[in-house]
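J.: Let me see the structure of the following:
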Amino acid sequence: MKTKIVPAIISSICGSLVFSILFLEGGYVDFNDFTSRFVSGLIVVPFVLVFGIPLSLMIESIIRDKKKYKALIELLLYVLSGVIGTSIVLLLFSLSDGISVFLEFKPFLILALSCSVPFGISSIILKSASKTVSSH
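T.: Okay, the predicted model is just below:
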């Protein structure tokens, strides 16, 4: 489970930073504004925990038997999960707001990829590091 908590923390930090940049407007940003934006960007944490960890377990079960290009396939599945997750969230929002929410697909996609790609990269790195430590 340690290999899922650390990527979730890294993914939450990256997602919070991107959320604060994409969705909160303003000109000059001092340290207090930055910290308040970052804290408000922590709204992505529940999404990372609820969607990221189960998707990570599902991706691991998919690539368990792969021998060749395992890390590349795993990273591509994380990117694909970010794109599909964005589409699903926007579809749910469109039920109440209409089709206009799909005009915001690009920022939501950037936000989703800023969570899923760091989650995937850190997960791959932690797994490979734990394998090299256990083999010594």
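J.: At the geometric centre of the protein, which residue do we find?
T.: The chain has Cys115 as the residue nearest its centroid, 1.9 Å off, counting by C-alpha atoms, centre = their mean.
J.: Now do the same contact list for it.
T.: Counting by C-beta atoms under 8 Å, 6 or more residues apart in numbering, Cys115 touches Ser11, Ser12, Cys14, Gly15, Val18, Val44, Phe47, Val48, Gly52, Gly82. For glycine as for every other residue, the C-beta is placed from the backbone atoms N, C-alpha and C.
J.: Go again with 7 Å.
T.: Shown in contact with Cys115 (C-beta atoms under 7 Å, 6 or more residues apart in numbering): Ser11, Cys14, Gly15, Val44, Val48, Gly52, Gly82.
J.: what helix or strand does the second one sit in?
T.: Translated: Cys14. Per DSSP states H and E, Cys14 falls inside helix 2-22.
J.: Pull the residues that contact that helix.
T.: By C-beta under 7 Å, 6+ apart, helix 2-22 touches 37-38, 40-45, 48-49, 52-53, 56, 107, 110-111, 114-115, 118-119, 122-123, 126-127, 130.
J.: next one: stretch 75-83
T.: Counting by C-beta under 7 Å, 6+ apart, 55, 59, 62, 109, 112-113, 115-117, 119-121, 124 sit against stretch 75-83.
J.: Give me the buried positions along that stretch.
T.: Neighbour-count burial for stretch 75-83, counted by 16 or more other C-beta atoms under 10 Å, picks out Leu75, Leu77, Tyr78, Ser81, Gly82.
J.: closest to Ser134 among those?
T.: Leu75 (22.3 Å; C-beta to C-beta).
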